[in-house]
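**Q** I need the structure of the sequence given here:
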Amino acid sequence: MEKLLEILQDLHEDVDFETEEHLIDDVILDSFDIVTLISEIQENYDVTISAKDIIPENFNSAQAIYELIQRIEEEEA
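**A** Numbers count the residues shown, from 1 in each chain. Here you go, the predicted model:
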């Protein structure tokens, strides 16, 4: 989770990603941020995020993103 928080902070250092739960709903992360985030996650966690996983529910909070990463890691294991 720490690495994910670092990635998110690199995108927007002014956001408290540990508590924010509406990253997509409140347009804190835009489409460019999502593309960058997915690329960083895939590189740092060695997972592949498919198009079916790119839904607001999976990206509205750091916790939701981390749970997505864990789910993918389990599926790819």
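**Q** In which helix or strand does Leu37 reside?
**A** Using DSSP states H and E, the element containing Leu37 is helix 31-45.
**Q** helices or strands up against the helix or strand Ile65 falls within?
**A** Counting by DSSP H and E, the element that carries Ile65 is helix 62-76. Applying 3 or more Cβ pairs under 8 Å, 6 or more residues apart in numbering; DSSP states H and E, we find helix 62-76 packed against helix 2-11, helix 31-45, helix 56-59. Every C-beta, even on glycine, is put in place using the N, C-alpha and C of the backbone.
**Q** What is the distance between the first one and the centre of its chain?
**A** Once both centres are worked out by Cα atoms, centre = their mean, to the nearest Å, helix 2-11 turns out to sit 9 Å from its chain's centre.
**Q** that older thread, in the helix holding Leu37, which residues are buried?
**A** Using 16 or more other Cβ atoms under 10 Å as the test for burial, helix 31-45 gives Asp33, Ile34, Leu37, Ile38, Glu40, Ile41, Tyr45.
**Q** Also stretch 59-72?
**A** Phe59, Asn60, Ser61, Ala62, Ala64, Ile65, Tyr66, Leu68, Ile69, Ile72.
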